[in-house]
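K.L.:
after the sequence you'll find the predicted model.
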Amino acid sequence: MTSHPDVEALAFFAEELLEPGEERTVASHIETCATCATTLEELTGVTEALAAAPAPELPRDVADLLDRRVAEAARERAENGGAPGPAAAPAASGPTAGVTPISRRRRGFGGAGLPRLMMVAAAAAVVAGGGAALFNGLAPQEEAGVAAPLLQDGQEEAVPDTAQAYTPQVVRSGTVYTGAGLAEQAARTLDLSPVGAPQEDGAEPLAAEESPPPGVAECAGRLGEALDTRFSLVDDAHYGDGTTPAWAMFALDGDEYDVYVVDPLCAQGGDTEGSVITQERVPEPGP
Amino acid sequence: MDAVHELPDRELLTRHAQGDEQAFGVLVRRHRERLWAVAVRMMGDPEEASDALQDAFLSAFRAAERFRGESQVTTWLHRIVVNACHDRLRRRKVRPATPTEDATLDVVANERLGRAGGAPDHASQTEARLDVHAALDLLPLDQRMALTLVDMLGYRVEEAAQILDVATGTVKSRCARGRAKLLPSLAHLRNPRDPRDVTSGRGGANPS
């Protein structure tokens, strides 16, 4: 008898996701292996257990609360002249006591997320210098709002570990990043950006911004320092519903990119890591 | 007022974007039960679901004028709710786990029972919910969200793909991976009569 396929292979088999060859192997295995046939049934059982999980009806008080908050928002908007003006603060900082305060997010990130990031960052520092140099080479004109000294021709590669000699490239992809779609969206942005494969005369779908938003370099520098990594690319974009401005910051780590979606408030100092809205890792785009 | 209540979703959204003060409320009341079901199953906790739903509706309120009609309004609302849940789950995930997590779950379970009136026949239901959500907590978020939509809530793979803004194949593979990971912790919920079979099946299919 062939060796048992693992549970994941069986789950893929059930979804008809296996390659034809593998599918045939698993199919013939199941015919003769009662154990794996049982496991396959149990996988259906997982779906059943999930479907059977009880969920409470919408409580009356929650329904009322939603009504109230929407009515409040409508009233505020009307008072501000019908347009969602500066009062359109991120929902998470809304006035209702039930909503998670921002400070909880900060504590959480600094508490658990950071040590892991610190560990991988040691490896990142070596590689990221090259990435940064590449971006700087492509966007040497990018000085507006940048506190760090500009790179001198030919010197940046010699000193990849000098934190000051580094400015991320800024693009505007027009992406509205979301928590759920971040991995794919970030990969798309990377694909459109001149990373990984330096092409001297190739077309670059995303041009470097000549007027990056103020504070973006400071924010990238400060967050890079806090996480012990270097951001080589920043996408000046939006997050969530499309009304929340956010900077997606990319740092090369090995053959993957760490992507941080950061609240531009980051530029005003304070709790730098607390301005991170969400984070993801994506592979470096191929040549 | 009556006329407003009969308008299609899209028209309500347009009116809202034009400054109508009632339109968005009508939209919320029309879809809140369904979206609550999504949020409460995603979050596994009524209070967090309530917070996520507030976030989501206020986001949608502000983003309405950016809705370009490329998807159904319901899909768009689902996406916003799912993203609000994702953000909260993500923050929850990076919070340091306390060593007394099991004890906390017990306390939470008791509190819930107390709040629900403490009827003893609710106990097994509550336990099942805690089991399922404790198990879901072990999954990567993308698998958890796909499974919540497809297996828990019964959305078609195509619908889940639209909501999550990924390919249908991605939804399927996330579900498959998630089910495989959940098998050890959830098999007993479905088949409590014959635990021996469950054990032998799991052991045999996953040799070490």
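P.N.:
That came through, no problem. The structure displayed is predicted, hence computed values, not measured ones. Residues are numbered from 1 along each chain as shown, chains lettered A, B, ... in the order given.

K.L.:
would you map the helices across the chain?
P.N.:
As the question left the chain open, I've gone with chain A. A:7-14, A:20-32, A:34-52, A:60-79, A:102-108, A:114-138, A:182-192, A:216-227 (DSSP state H).

K.L.:
think we crossed wires, I meant chain B
P.N.:
Applying DSSP H to chain B gives helices spanning B:2-5, B:9-17, B:23-43, B:46-63, B:73-94, B:101-115, B:123-136, B:141-147, B:157-164, B:168-190, B:195-205.

K.L.:
quick one, what contacts the residue nearest the centre of chain B?
P.N.:
By C-alpha atoms, centre = their mean, chain B has its centre lying nearest to B:Met42, at 2.2 Å. Taking C-beta atoms under 8 Å, 6 or more residues apart in numbering or on different chains, we find B:Met42 in contact with B:49, B:52, B:81-82, B:85, B:89, B:144-145, B:148. Any C-beta I mention is one placed from the backbone N, CA and C, and that applies to glycine too.

K.L.:
among those residues, which one has the lowest pLDDT?
P.N.:
Among the contacts of B:Met42, B:Leu89 carries the weakest pLDDT, at 92.

K.L.:
which residue, other than its chain neighbours, is closest to that residue?
P.N.:
B:Leu141 (5.6 Å; C-beta to C-beta, 6 or more residues apart in numbering or on different chains).

K.L.:
select, out of the helices of chain B, the one closest to A:Glu209.
P.N.:
helix B:46-63 (24.1 Å; C-beta to C-beta).

K.L.:
next, the angle helix B:73-94 makes with that closest one.
P.N.:
Here helix B:46-63 runs at an angle of 130 degrees relative to helix B:73-94 (axes from the mean of the first three to the mean of the last three C-alpha atoms, to 10 degrees).

K.L.:
and helix B:46-63, what does it pack onto?
P.N.:
When contacts are defined as 3 or more C-beta pairs under 8 Å, 6 or more residues apart in numbering or on different chains; DSSP states H and E, helix B:46-63 sits against helix A:60-79, helix B:23-43, helix B:73-94.

K.L.:
buried sites along the shortest one?
P.N.:
This points to helix A:60-79. Of the residues in helix A:60-79, A:62-63, A:65-66, A:69-70, A:73-74, A:77 count as buried by neighbour count, 16 or more other C-beta atoms under 10 Å in any protein chain shown.

K.L.:
helices or strands up against that helix?
P.N.:
If you count contacts as 3+ C-beta pairs under 8 Å, 6+ apart, helix A:60-79 packs onto helix B:23-43, helix B:46-63.

K.L.:
contacting residues for the closest residue to B:Ala60 other than its chain neighbours?
P.N.:
With sequence-adjacent residues excluded and distances taken as C-beta to C-beta, 6+ apart, B:Ala60 is closest to B:Ile80, at 4.9 Å. By C-beta under 8 Å, 6+ apart, the contact list for B:Ile80 reads A:240-241, B:56, B:59-60, B:63.

K.L.:
check B:Leu138 too.
P.N.:
Under the criterion of C-beta under 8 Å, 6+ apart, the contact list for B:Leu138 reads B:181-182, B:185.

K.L.:
repeat that for B:Phe61.
P.N.:
Contacts of B:Phe61 by C-beta under 8 Å, 6+ apart are A:70, A:73-74, A:84, B:16, B:24.

K.L.:
let me have the residues you listed in TSV, extended by pLDDT.
P.N.:
Below are the contacts of B:Phe61 laid out as TSV (pLDDT from 0 to 100):
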residue	pLDDT
A:Val70	92
A:Ala73	91
A:Ala74	90
A:Pro84	46
B:His16	91
B:Phe24	92
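
K.L.:
tell me the one of these nearest A:Thr272?
P.N.:
For the contacts of B:Phe61, the nearest to A:Thr272 is A:Pro84 (27.9 Å; C-beta to C-beta).

K.L.:
coming back round to it: in ChimeraX, how would I select the buried members of the contacts of B:Leu138?
P.N.:
Selection of buried members from the contacts of B:Leu138 for ChimeraX, criterion 16+ other C-beta under 10 Å:
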select /B:181,182,185
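
K.L.:
picking that back up, A:Trp247: which of the helices of chain B is closest?
P.N.:
Among these, helix B:73-94 sits nearest to A:Trp247 (C-beta to C-beta), with 16.5 Å.

K.L.:
okay, buried residues for that closest one please.
P.N.:
Result for helix B:73-94 [16+ other C-beta under 10 Å]: buried residues B:73-74, B:76-92, B:94.

K.L.:
check which helices and strands the top strand by length along chain A sits against.
P.N.:
Secondary structure assigned by DSSP state E gives strand A:244-253 as the longest strand of chain A. Helices and strands touching strand A:244-253, as assessed by 3+ C-beta pairs under 8 Å, 6+ apart, comprise helix A:114-138, helix A:182-192, helix A:216-227, strand A:233-239, strand A:256-262.

K.L.:
could you list the low-pLDDT ranges of the stretch 1-150 of chain A?
P.N.:
Filtered on pLDDT under 70, the stretch 1-150 of chain A yields the residue ranges A:1-2, A:81-150.

K.L.:
go again using 80 as the cut-off
P.N.:
A:1-2, A:80-150 (pLDDT under 80).

K.L.:
looking at it, which residue is nearest chain B?
P.N.:
Relative to chain B, the nearest point of the stretch 1-150 of chain A is A:Thr35 (3.3 Å; C-beta to the nearest C-beta).

K.L.:
can you show me the CA trace of stretch A:231-247 as PDB?
P.N.:
The C-alpha trace of stretch A:231-247 is given here as PDB (Å, rounded to 0.1, in the frame of the first residue of the first chain):
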ATOM      1  CA  PHE A 231      11.800  50.500   4.500                       C
ATOM      2  CA  SER A 232      12.700  50.800   0.800                       C
ATOM      3  CA  LEU A 233       9.300  51.500  -0.600                       C
ATOM      4  CA  VAL A 234       6.300  53.500   0.700                       C
ATOM      5  CA  ASP A 235       2.900  53.500  -1.000                       C
ATOM      6  CA  ASP A 236       1.000  56.600  -0.200                       C
ATOM      7  CA  ALA A 237      -2.500  55.000  -0.200                       C
ATOM      8  CA  HIS A 238      -5.600  54.400   1.800                       C
ATOM      9  CA  TYR A 239      -6.800  51.700   4.100                       C
ATOM     10  CA  GLY A 240     -10.000  50.000   5.000                       C
ATOM     11  CA  ASP A 241     -13.000  51.800   3.600                       C
ATOM     12  CA  GLY A 242     -11.000  54.100   1.300                       C
ATOM     13  CA  THR A 243     -11.300  57.200   3.400                       C
ATOM     14  CA  THR A 244      -8.500  56.500   5.800                       C
ATOM     15  CA  PRO A 245      -5.100  57.600   4.500                       C
ATOM     16  CA  ALA A 246      -2.400  55.100   5.200                       C
ATOM     17  CA  TRP A 247       1.200  54.400   4.200                       C
END
